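Engineer: for reference, the sequence and a predicted model appear below.
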Amino acid sequence: MKKGKKYTEAAKLIDRTMAYDAAEAVALVKKAATAKFDETVEAHIRTGCDGRHAEQQIRGAVVLPHGTGKTVRVLVFAKGDKANEAEAAGADYVGGEELIPKIQNDGWFEFDVVVATPDMMGVVGRLGRVLGPKGLMPNPKAGTVTMDVTKAINEIKAGKIEYRLDKTNIVHVPVGKVSFTEEQLADNFQAIMDAIVKAKPSSLKGTYLKNITLASTMGPGVKVNTAKYVG
């Protein structure tokens, strides 16, 4: 794939053979972001886990100290008092069974995160085939299956993100926006790495963090030195 002129120029700023410390990497990613829109900075963390083994799965959530820079739309599956509580807490959409045909048949996906109370998981489970592949299925580990809907909504709106291994054993997470200060991006990245290091499966033999790359949506990747995170 032919890279554009801006990308090629930006790539010259980065030494591909080098792994930078996090602060330097953040500065380079900001410098190399040349798109006309406010790009998202993402971290791509290649692990030594084998996600085919349940005990080596990594999944959880972390609240970024400075948020993600994007407005997150929350859909809550709840009924009765919990539905009222979700509305009061600022959920964008609240409902139950009636939302199933809307999502399944009409392809309605005007939301970014789904929260459900445990008693609604039977209903939500019927949407597994459509929500699962999009990474939208509520999960107790990520704190999105809970009776405390107020806390869940507040955390998500404040910048809570989920992380999980993909099929190639890499974790992809947003760190923030290019418009953030270097300090804000570094703080967010540190919070992510603390959570990932903590999530290391005890059964894992060998290297846990193989490599870490930071990149903006349209920019070149910058390698981060993993030494600091390997205890």
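Structural biologist: In hand now; what should we look at?
Engineer: end to end, how far does stretch 127-140 reach?
Structural biologist: Start-to-end span of stretch 127-140 (Cα to Cα, to the nearest Å) is 17 Å.
Engineer: residues contacting it, please?
Structural biologist: Residues from elsewhere that reach stretch 127-140, judged by Cβ atoms under 8 Å, 6 or more residues apart in numbering: 59, 77, 100, 103-104, 109, 111, 113-116, 121, 124, 144-146, 162, 164. C-beta coordinates here come from the backbone N, C-alpha and C atoms, glycine included.
Engineer: ok, stretch 83-92 next?
Structural biologist: The contact list for stretch 83-92, computed with Cβ under 8 Å, 6+ apart, reads 73-76, 78, 94-96, 110-111, 115, 149-150, 153-154, 157.
Engineer: in stretch 33-40, what's buried?
Structural biologist: 33-34, 39-40 (16 or more other Cβ atoms under 10 Å).
Engineer: follow-up on the earlier one: name the nearest of the contacts of stretch 83-92 relative to A19.
Structural biologist: Nearest to A19 among the contacts of stretch 83-92: K157, at 34.5 Å, using Cβ to Cβ.
Engineer: let me know the helix or strand that that closest one is in.
Structural biologist: Element membership for K157, per DSSP states H and E: helix 149-158.
Engineer: which helices and strands does that helix pack with?
Structural biologist: strand 59-63, strand 74-77, helix 81-88, strand 113-116 (3 or more Cβ pairs under 8 Å, 6 or more residues apart in numbering; DSSP states H and E).
Engineer: could you check the angle strand 59-63 makes with that helix?
Structural biologist: Here helix 149-158 runs at an angle of 70 degrees relative to strand 59-63 (axes from the mean of the first three to the mean of the last three Cα atoms, to 10 degrees).
Engineer: got a list of contacts for helix 149-158?
Structural biologist: Contacts for helix 149-158 (Cβ under 8 Å, 6+ apart): 61, 63, 67, 72, 74, 76, 78, 82, 85-86, 88-91, 113, 115, 117, 143-144, 146.
Engineer: give me the sheet partners of the strand or helix carrying R164 and which way each runs.
Structural biologist: Assigned by DSSP H and E, R164 belongs to strand 160-164. According to DSSP bridges, strand 160-164 forms sheet pairs with strand 59-63 (antiparallel).
Engineer: in the partner strand, which residues are buried?
Structural biologist: The neighbour-count check on strand 59-63 (16+ other Cβ under 10 Å) flags 60-63 as buried.
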